[in-house]
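Asker: Need a 3D model of the sequence below.
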Amino acid sequence: MRQQEVADRLEIGDLLARYARAVDTGDWQRLDLVFTADAVIDYTAAGGIRGTRDEARAWLAEVLSQWPGRHHVIGTATIRFEGDEAVVAAPFTDTLAPSREMLAADATGLVRGGGWYRHRMVRTMYGWRSRELVEEQSWRTVQ
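Answerer: Modelled structure (predicted):
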């Protein structure tokens with residue numbers, strides 16, 4: 001593996017972590033450091049929208065306000081480079097909780113799930129950014 005590919009893989013891993021951090025903390029402006037301005041984001045597999053970065057940001061802010069306790073874990077991504085683009089598939093699990101306070105393990109209102117984040121990324125003058133995200137929902141449980 002060449003040095004540039006190693007650096008690209010590390011940067012893409014950091015981008016995936018920035019995405020999870022933005023969603024979990026509600027720092028919706030941080031999504032500008034994840035997606036291109038013209039990105040298409042597709043959450044329809046999870047019952048969400050397909051739209052622009054700004055539409056997805058507004059939708060996430062509205063929907064996820066119901067679950068202030070959020071935690072996403074993104075696993076090791078597979079990355080295929082195509083010049084200055086990359087096709088990325090990253091497994092994830094998430095937990096959404098109705099509170100940030102201590103809850104019993106059998107408390108109602110918890111949502112857990114997992115699947116794959118499928119990105120088409122592009123190298124920009126600011127580093128790697130996602131031009132397209134399609135969330136593939138593999139499983140979901142609700143208590």
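Asker: Other residues contacting the longest helix seen in the chain?
Answerer: If you go by DSSP state H, the chain has its longest helix at helix 3-25. The contact list for helix 3-25 (CB atoms under 8 Å, 6 or more residues apart in numbering) reads 27-28, 30-31, 33-34, 60, 64, 70-74, 77, 79, 81, 86, 88, 90, 92, 117, 121, 123, 127-130. (C-beta placed from N, C-alpha, C; glycine too.)
Asker: Buried members of these into PyMOL, please.
Answerer: Command for PyMOL that selects the buried part of the contacts of helix 3-25, burial taken from 16 or more other CB atoms under 10 Å:
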select buried, resi 28+31+33+34+60+70+72+74+77+79+81+86+88+90+92+117+121+123+128+129+130
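Asker: centroid residue for this structure?
Answerer: Nearest to the geometric centre of the chain sits Tyr19, at 4.8 Å (CA atoms, centre = their mean).
Asker: okay, it: pLDDT?
Answerer: For Tyr19, the pLDDT comes out at 98.
Asker: Give me the distance between it and Met125.
Answerer: The spacing between Tyr19 and Met125, counted by CB to CB, to the nearest Å, is 20 Å.
Asker: Now do the strands in the protein.
Answerer: 35-42, 50-52, 69-74, 78-82, 85-97, 111-124, 127-142 (DSSP state E).
Asker: Mean pLDDT added to the ones you listed, as a markdown table?
Answerer: Compiled in a markdown table, the strands of the chain are given as follows (pLDDT from 0 to 100):
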| stretch | mean pLDDT |
| --- | --- |
| strand 35-42 | 98 |
| strand 50-52 | 98 |
| strand 69-74 | 96 |
| strand 78-82 | 98 |
| strand 85-97 | 96 |
| strand 111-124 | 97 |
| strand 127-142 | 96 |
